[in-house]
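[1] here's my sequence, what's the structure:
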Amino acid sequence: VEMPLVFKLEQRFRKMNLVMLGAGLIGLAFLVHNLVPGVFAIAFVSVVAVTLGEMLNLPFANSIALGRSTPANRGQYMALYSISFSIAQIASPTIGMQVVEHWGFKTLWYLLTFFCFIAIFGFGYLRKRRFGEVAG
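    The predicted structure follows:
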């Protein structure tokens, strides 16, 4: 599903907007756990939102990072991008469980939502600075 979706969307929308939408969906997936706690259907909604958010965010963020490199430094640039992503994937479970242990799951879901929305604003800032776009 992901590859045909990415193929169709990249022809119709700007990549940065799709990255921002993906981050928003991931943030929404975390937020719904606090808005309607204890309902099994919310877990389903959360999984669907995180899946769609990942399908929008990750391929297009990778493409944007690749587009910022030059042929001379492309390998080094993408290696650093991959390393930073891997470090986040390794460190985040430990950090998340520390948050849960000290402040509980409710705080974790709000914190992750907050970080997703910070990412949206960061992507918007990058869009404005790098691409000169105010909207769209």
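
[2] does residue 74 touch residue 65 like I think?
    No - using CB atoms under 8 Å, residue 74 is not in contact with residue 65; the gap is 10.1 Å. C-beta here means a position set from N, CA and C on the backbone, and glycine is covered the same way.

[3] so for these two, which residue has more residues nearby?
    Per other CB atoms under 10 Å, whichever of residue 74 and residue 65 has more neighbours is residue 65, with 16 against 12.

[4] name the helices or strands packed onto whatever helix or strand that one lives in?
    Element membership for residue 65, per DSSP states H and E: helix 40-68. Helix 40-68 sits against helix 2-12, helix 15-35, helix 74-103, with contacts defined as 3 or more CB pairs under 8 Å, 6 or more residues apart in numbering; DSSP states H and E.

[5] out of those, indicate the one that is most buried.
    Stretch with highest mean neighbour count among the helices and strands packed on helix 40-68: helix 15-35 (a mean of 21; mean count of other CB atoms under 10 Å).

[6] now that helix, how far from the centre of its chain.
    7 Å (CA atoms, centre = their mean, to the nearest Å).

[7] what's the angle from it to helix 2-12?
    120 degrees (axes from the mean of the first three to the mean of the last three CA atoms, to 10 degrees).

[8] what average pLDDT does helix 15-35 get?
    Helix 15-35 comes out with an average pLDDT of 94.

[9] which helices and strands does that helix pack with?
    Applying 3+ CB pairs under 8 Å, 6+ apart, one finds that helix 15-35 contacts helix 40-68, helix 105-131.

[10] picking up where we left off before, give the buried residues for the helix holding residue 65.
    Within helix 40-68, the residues scored as buried using 16 or more other CB atoms under 10 Å are 42, 46, 49-50, 52-53, 55-57, 59-62, 64-65.

[11] out of those residues, which comes closest to residue 86?
    Residue 86 has its nearest neighbour among those in residue 62, at 13.1 Å by CB to CB.
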